[in-house]
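Novice: give the three-dimensional model of this entry:
(4 chains)
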2 protein chains.
Amino acid sequence: MIKTSDEKYLKAIYQISLAENSSKATISELAYYLDLKPPTVLERLKILQEEKLITYKKAKGIVLTKIGEKESLNVIRKHRIWETFLHKVCKFSWSEVHELAEQLQNANSEKLIDRIYALSGSPKFDPHGDPIPDKSGKLPTSERRPLLNSVEGCKCVVLGVNEDSHDFLNYLTELKIGLNDKLFVEKIFVFDGSIKVKYKNNENAVLSSRVAEKILVTCTKPNCTCKN
Amino acid sequence: MIKTSDEKYLKAIYQISLAENSSKATISELAYYLDLKPPTVLERLKILQEEKLITYKKAKGIVLTKIGEKESLNVIRKHRIWETFLHKVCKFSWSEVHELAEQLQNANSEKLIDRIYALSGSPKFDPHGDPIPDKSGKLPTSERRPLLNSVEGCKCVVLGVNEDSHDFLNYLTELKIGLNDKLFVEKIFVFDGSIKVKYKNNENAVLSSRVAEKILVTCTKPNCTCKN
DNA sequence: ACACAAAGTTAGGCTTACCTAATAATATTG
DNA sequence: CAATATTATTAGGTAAGCCTAACTTTGTGT
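Specialist: Okay, the predicted model is just below:
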């Protein structure tokens, strides 16, 4: 079994490797992500390497081994299941679940994860719209894309977001845009790419391209011309 | 707010002070309870004292201050609510909940405790039959007493146990004796005080006095002559 | 291609939470 | 009440996980 203290590193490495298109994680990125200093990270990477969870050479960057990737996906699974549970069963808001899940995922019981996952209805995606890996580490697929890539007239539904910051999530809450909401793309302003959407019962908002980039949606019209 | 690392000490001090009739906790007791060595405990007691959570003098033993007691009860509240949740909602067995609760109670959210308490049906007693303090630290009362104090013919119901060891809890599970089970005291053997009970659908068992001492019950007959 | 910036690395230090071994204080008991 | 056993305390040590400061390596731009 893997050390609890390894988990945050593995999760971070995985997220950086994939989320950033770059695909090679570096020490300073990791340090920044984890809010630590580079020497601290370096020190730990040596241990992770001894544990055969990563390989690291300054040329190649930090790369997860097969085992490392599997463990990472397991950490991510735990995290996302806790988030789902907190949101769906415990009725926490979208913006509250992340930190709490971080703390709870330290509890070390596969069985517990299974139970709370079942209690949450075993969905394939967490409340941020991120896919929940299965036990073997497989990720479900979806056609998520940024709202930004929409064309006028598009009807889509919110699957998640690209960013976890409180400021961003609170902004969405303020606008009353939440998971599974249907958005109608009324107008796109060529000037700066901002997007006017209608949703719920006559709510509407103009979203800056910076925001539209971070809202992940899928089209509900069959042959939508939106860019994926 | 109190330090997470203080919590286990406070809980332990509280339990020792009350559970053991002695009522004054000592360093070696605490060390034994927490599976630490006395110098470690002593060192930490000095800090707890600076934080005004306890007073300690070797003559008087370790005594919780008002604040310390309140914090202890809050830790105990969290712990027992988690145990309740794990048992009632997540369907963990009686013997599994303790360790898991220990890990989960580190998560620091009053709100979360409230939610999972509500999900569990807000009972006054946890799955071991121990009372759950309310937010202000008040304990609900009950007429729990050891099964050992019963008289023949007594009808009682299991409210909890006096001991948390796996061996003991597994033994009860084996016998199929669980929380809220009704026990009929069929015979008491004067020889060694062991007790023959009938329960469920014709289950029956002879319980040694050592075991009967650790099963906590309350009588269901109005004017029972059992010793309290 | 070389100077300067960015990233990585080394060395050494701090704090927390543990430990052991030795000593001191306090109880117990023959 | 002296001898012994128990408990408390002190001193000093270790490992984990973090840090800063200084040095080295590796880009990058003109």
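
Novice: buried ones in the longest helix seen in chain A?
Specialist: Secondary structure of chain A per DSSP state H: the longest helix is helix A:66-88. By neighbour count with 16 or more other C-beta atoms under 10 Å in any protein chain shown, helix A:66-88 contains the buried residues A:68-88. From N, CA and C alone the C-beta is placed, and that goes for glycine too.

Novice: ok, the nearest residue to A:L48 once chain neighbours are set aside - contacts?
Specialist: Leaving aside its chain neighbours, A:L48 sits nearest to A:I54 (4.8 Å; criterion: C-beta to C-beta, 6 or more residues apart in numbering or on different chains). A:I54 is in contact with A:I13, A:L45, A:L48, A:I62, A:V63, A:L64, A:T65, A:G68, counting by C-beta atoms under 8 Å, 6 or more residues apart in numbering or on different chains.

Novice: what kind of secondary structure is the most far-flung residue of chain A relative to its centre in?
Specialist: Distance from the centre of chain A peaks at A:F191, with 29.8 Å (C-alpha atoms, centre = their mean). The assignment at A:F191 comes out as coil when based on DSSP: H, G, I helix; E, B strand; the rest coil.

Novice: how near is it to DNA strand D?
Specialist: In this view, A:F191 and DNA strand D are 30 Å apart by C-beta to the nearest atom of the strand, to the nearest Å.

Novice: from B:F125, how far off is that residue?
Specialist: Look at A:F191 and B:F125: by C-beta to C-beta, to the nearest Å, they are 65 Å apart.

Novice: before we move on, what about A:S136?
Specialist: A:S136 is 41 Å from B:F125, by C-beta to C-beta.

Novice: what about A:P127, how many residues close to it?
Specialist: Close neighbours of A:P127, defined as other C-beta atoms under 10 Å in any protein chain shown, add up to 26.

Novice: look at it and tell me its secondary structure.
Specialist: coil.

Novice: now do the same contact list for the closest residue to it other than its chain neighbours.
Specialist: For A:P127, ignoring the flanking residues on the chain, the nearest one in space by C-beta to C-beta, 6+ apart is A:H87 at 3.9 Å. By C-beta under 8 Å, 6+ apart, the residues touching A:H87 are A:S93, A:W94, A:V97, A:D126, A:P127.

Novice: again, only using 7 Å
Specialist: Applying C-beta atoms under 7 Å, 6 or more residues apart in numbering or on different chains, we find A:H87 in contact with A:W94, A:V97, A:P127.

Novice: which of those residues lies closest to DNA strand C?
Specialist: Among the contacts of A:H87, A:V97 lies closest to DNA strand C (C-beta to the nearest atom of the strand), at 26.7 Å.

Novice: report pLDDT for the closest one.
Specialist: The per-residue pLDDT reported for A:V97 equals 95.

Novice: repeat that for the one 5 residues further on.
Specialist: We have a pLDDT of 94 for A:E102.

Novice: tell me how far it lies from DNA strand C.
Specialist: 19 Å.

Novice: repeat for A:A212
Specialist: With C-beta to the nearest atom of the strand as the criterion, A:A212 and DNA strand C are 28 Å apart.

Novice: show me what contacts the residue lying closest to that residue once chain neighbours are set aside?
Specialist: Nearest residue to A:A212 in three dimensions, chain neighbours excluded: A:L148, at 4.0 Å (C-beta to C-beta, 6+ apart). Contact partners of A:L148, counting by C-beta under 7 Å, 6+ apart, are A:G193, A:S209, A:A212, A:E213.

Novice: alongside DNA strand C, which residues does chain A contribute?
Specialist: A:T26, A:I27, A:S28, A:E29, A:P38, A:P39, A:L42, A:E43, A:K58, A:G61 (C-beta under 7 Å from any atom of the strand).

Novice: per-residue confidence at the spatially most central residue of chain A?
Specialist: Nearest to the mean C-alpha position of chain A, counting by C-alpha atoms, centre = their mean, stands A:D130 at 4.8 Å. On pLDDT, A:D130 comes in at 86.

Novice: is it true that it touches A:H79?
Specialist: No: assessed by C-beta atoms under 7 Å, A:D130 is found out of contact with A:H79, at 9.3 Å.

Novice: what kind of secondary structure is A:E152 in?
Specialist: Put simply, A:E152 is coil when judged by three-state DSSP.

Novice: any idea how far the closest residue to it other than its chain neighbours lies from B:S142?
Specialist: Using C-beta to C-beta, 6+ apart and skipping the chain neighbours, the partner closest in space to A:E152 is A:I188 (5.4 Å). Separation of A:I188 from B:S142 (C-beta to C-beta) stands at 66 Å.

Novice: between these two, which one's more packed in?
Specialist: A:I188 (19 against 15).

Novice: what ranges of chain A fall below the confidence cut-off?
Specialist: A:19-23, A:222-224, A:227-228 (pLDDT under 70).

Novice: got the residues of chain A near chain B?
Specialist: Taking C-beta under 7 Å from any C-beta of the partner chain as the contact definition, chain A meets chain B at A:90-91, A:100, A:103-104, A:106-109, A:112, A:115-116, A:119.

Novice: mind doing that once more with 10 Å?
Specialist: By C-beta under 10 Å from any C-beta of the partner chain, the residues of chain A that approach chain B are A:4, A:82, A:86, A:89-92, A:96, A:99-109, A:111-112, A:114-116, A:118-119.

Novice: now, of those residues, which are buried?
Specialist: A:82, A:86, A:89-90, A:92, A:96, A:100-105, A:107, A:109, A:112, A:115-116, A:119.

Novice: which parts of chain A are helices?
Specialist: Here chain A has its helices, by DSSP H, at A:4-19, A:27-34, A:38-50, A:66-88, A:97-104, A:110-119, A:166-175, A:209-212.

Novice: wait, A:P127 sits on A:K91?
Specialist: No: using C-beta atoms under 10 Å, A:P127 makes no contact with A:K91, being 11.1 Å away.

Novice: quick one on the thing from earlier: buried ones only from the contacts of A:L148, please, as a PyMOL command.
Specialist: Here is the PyMOL command that selects the buried residues among the contacts of A:L148 (16+ other C-beta under 10 Å):
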select buried, chain A and resi 209+212+213
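
Novice: up against DNA strand D, what does chain A have?
Specialist: Close to DNA strand D, as judged by C-beta under 7 Å from any atom of the strand, chain A has residues A:K3, A:S5, A:D35, A:L36, A:K37, A:P39, A:T40, A:E43, A:R44, A:K58, A:A59.

Novice: the closest residue in space to A:E29 that isn't next to it in sequence: what's it in contact with?
Specialist: Leaving aside its chain neighbours, A:E29 sits nearest to A:I16 (5.6 Å; criterion: C-beta to C-beta, 6+ apart). A:I16 is in contact with A:S22, A:S23, A:K24, A:A25, A:T26, A:E29, A:L30, A:Y32, A:Y33, A:L34, A:G61, A:I62, counting by C-beta atoms under 10 Å, 6 or more residues apart in numbering or on different chains.

Novice: and the last one, what is it in contact with?
Specialist: With contact set as C-beta under 10 Å, 6+ apart, A:I62 has these partners: A:9, A:12-13, A:16-17, A:24-27, A:29-30, A:41, A:45, A:48-49, A:54-56, A:68.
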